[in-house]
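A.B. asks: Quick one: sequence plus predicted model below, questions after.
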Amino acid sequence: MTEKIPATVITGFLGAGKTTLVRHLLQNAGGRRIALIVNEFGDVGVDGEILKACGNDACSEDDIIELANGCICCTVADEFIPTMEKLLASPRKPDHIVIETSGLALPQPLVRAFNWPEIKSRVTVDGVVTLVDGKALAEGRFADDEEAVAAARAADPNLDHENPIEELFEDQLNCADLVVLNKTDLLDSAGLAEVSAQLKAQLRKATKLVNATHGEIDPAVLLGVKADAAIDLHNRQSHHEMEGEQQHDHDDFITFIVDLPGALDQKALLTRIASTIEAHDILRLKGFAAVPGSEARLLIQAVGPRLTSYFDRPWRANEKRETRLVVIGEKTMDKAAIEKSLRG
């Protein structure tokens with residue numbers, strides 16, 4: 001019998017560092033040929049573009065497939081299964097498949113999809129890896145803290161229900177074989193110990209916890225877990241499954257794009273973005289910008305109040321030089337006001 005191709009699912013909340021981790025993995029693949037499926041929530045493949053800029057033989061541009069029509073857990077039949085069949089039909093089969101989910105994806109439906117007859121005999125879920133933003137968790141985000149949840153509800157009448165972000169975070173932890181506590185360089189020793197203890201209390205007994213900075217994890221730790229997660233789903237149930245619900249939707253989140261015309265001054269643009277984030281409830285912002293006098297595009301990433309930017313690669317000759325930002329947040333945020341603020 002032909003040996004099954006192992007697949008690793010990389011999940012985690014918005015801005016936890018999934019793309020950075022995958023990029024490090026590709027750059028240290030150790031001769032493995034890796035096929036990468038990137039699930040972008042929204043219309044712009046920002047994460048896929050970042051990964052294609054790696055220039056690494058382990059995963060060429062032809063080996064990177066973007067699913068940009070919504071959360072992968074909601075498009076399994078329409079997109080994921082046909083994508084997997086296409087990969088498996090290729091004469092150059094990969095040694096390993098890596099799937100980077102969107103920050104809004106429930107991992108359980110995706111893992112369950114590996115039991116579909118079309119792929120069950122040919123692919124195995126080697127492991128589910130969940131990234132956690134250590135700094136965010138230390139600040140009380142996505143923590144299992146009833147007082148913090150109550151305070152959030154009191155401050156915002158729109159949160160007069162069980163917090164969907166909290167549930168999503170717990171579901172991603174519950175499905176994991178390995179949890180990567182990322183951005184540990186932003187924590188002191190006491191803070192790291194506290195966050196680690198908090199996470200361990202929420203994890204399944206079989207789940208391992210490792211620390212990381214900038215997503216730098218040895219590929220030998222990420223790959224070769226051999227969890228065969230698709231046959232262990234009864235130990236990985238989501239809130240929806242435990243409550244008897246079969247459907248998962250994203251009515252609590254919205255994603256929209258803001259295009260800014262012409263080349264923009266770098267400092268002024270970043271200042272405008274920072275002030276917009278400060279004034280509005282934006283969970284995540286990412287995109288690219290054209291900067292006067294630069295032949296490279298400026299990559300912009302923001303998680304909560306933390307904003308980073310760097311020039312990731314030169315603009316291609318046939319590429320339109322533009323500034324395009326993807327904004328993700330809860331449905332209660334003021335889209336019109338955010339667009340107006342970003343446009344200046």
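C.D. replies: Yes, it's here. These figures come from a predicted structure and were not determined experimentally.
A.B. asks: ok but Gly224 is inside a strand, no?
C.D. replies: No - assigned with DSSP: H, G, I helix; E, B strand; the rest coil, Gly224 falls outside any strand and is coil.
A.B. asks: who's in contact with it?
C.D. replies: When contacts are counted by CB atoms under 8 Å, 6 or more residues apart in numbering, Gly224 touches Pro6, Asp126. For glycine as for every other residue, the C-beta is placed from the backbone atoms N, C-alpha and C.
A.B. asks: can you pull out the strands in the stretch 51-200 of the chain?
C.D. replies: 64-67, 96-100, 123-133, 178-182 (DSSP state E, counting those that start in this stretch).
A.B. asks: Can you say which of those strands is nearest to Ala268?
C.D. replies: Closest approach to Ala268 among the strands of the stretch 51-200 of the chain is made by strand 123-133 (27.9 Å; CB to CB).
A.B. asks: got the strands of the stretch 51-200 of the chain as TSV, with distance to Leu87 and mean neighbour count columns?
C.D. replies: Below are the strands of the stretch 51-200 of the chain laid out as TSV (distance: least, CB to CB, whole Å; neighbours: other CB atoms under 10 Å):
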stretch	distance to Leu87	mean neighbour count
strand 64-67	7	21
strand 96-100	7	26
strand 123-133	9	26
strand 178-182	23	25
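A.B. asks: worst average pLDDT in those?
C.D. replies: Ranked by mean pLDDT, those end with strand 64-67 at the bottom, a mean of 65.
A.B. asks: Is Phe288 bridged to anything, and to what?
C.D. replies: Note on Phe288: beta-bridge partners by DSSP bridges are Leu299, Arg324.
A.B. asks: Could you give the number of residues near the residue nearest to Gln202 when sequence neighbours are not counted?
C.D. replies: Spatially, and ignoring its direct neighbours in sequence, Gln202 is nearest to Leu173 (5.4 Å; CB to CB, 6 or more residues apart in numbering). For Leu173, the neighbour count with other CB atoms under 10 Å is 22.
A.B. asks: hang on, the earlier thing: of the strands of the stretch 51-200 of the chain, which approaches Leu26 most closely?
C.D. replies: For the strands of the stretch 51-200 of the chain, the distance to Leu26 is smallest for strand 96-100, at 8.3 Å, taking CB to CB.
A.B. asks: What helices and strands are in contact with that closest one?
C.D. replies: Packing partners of strand 96-100 (3 or more CB pairs under 8 Å, 6 or more residues apart in numbering; DSSP states H and E): strand 5-12, helix 18-27, strand 34-39.
A.B. asks: would you turn these into CSV with distance to Glu295 and mean neighbour count?
C.D. replies: As requested, these are exported to CSV (distance: least, CB to CB, whole Å; neighbours: other CB under 10 Å):
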stretch, distance to Glu295, mean neighbour count
strand 5-12, 32, 25
helix 18-27, 22, 22
strand 34-39, 26, 26
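A.B. asks: would you list these in CSV and tack on mean pLDDT and distance to Glu278?
C.D. replies: Formatted as CSV, those follow (pLDDT from 0 to 100; distance: least, CB to CB, whole Å):
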stretch, mean pLDDT, distance to Glu278
strand 5-12, 92, 24
helix 18-27, 87, 24
strand 34-39, 84, 29
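A.B. asks: Include distance to Val179 when you put those into JSON lines, please.
C.D. replies: Converted to JSON lines, those look like this (distance: least, CB to CB, whole Å):
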{"stretch": "strand 5-12", "distance to Val179": "9"}
{"stretch": "helix 18-27", "distance to Val179": "12"}
{"stretch": "strand 34-39", "distance to Val179": "20"}
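A.B. asks: For Phe80, which of the ones you listed is the nearest?
C.D. replies: Among the helices and strands packed on strand 96-100, the nearest to Phe80 by CB to CB is strand 34-39 (7.8 Å).
A.B. asks: how much does the closest one deviate in direction from helix 18-27?
C.D. replies: 170 degrees (axes from the mean of the first three to the mean of the last three CA atoms, to 10 degrees).
A.B. asks: just to revisit the earlier point, quick check: which of the strands of the stretch 51-200 of the chain is nearest to Pro219?
C.D. replies: Smallest distance to Pro219 across these (CB to CB): 9.2 Å, for strand 96-100.
A.B. asks: coming back round to it: of the helices and strands packed on strand 96-100, which is nearest Thr271?
C.D. replies: Proximity of those to Thr271 was assessed by CB to CB; the nearest stretch is helix 18-27, lying at 24.4 Å.
A.B. asks: All set now, cheers.
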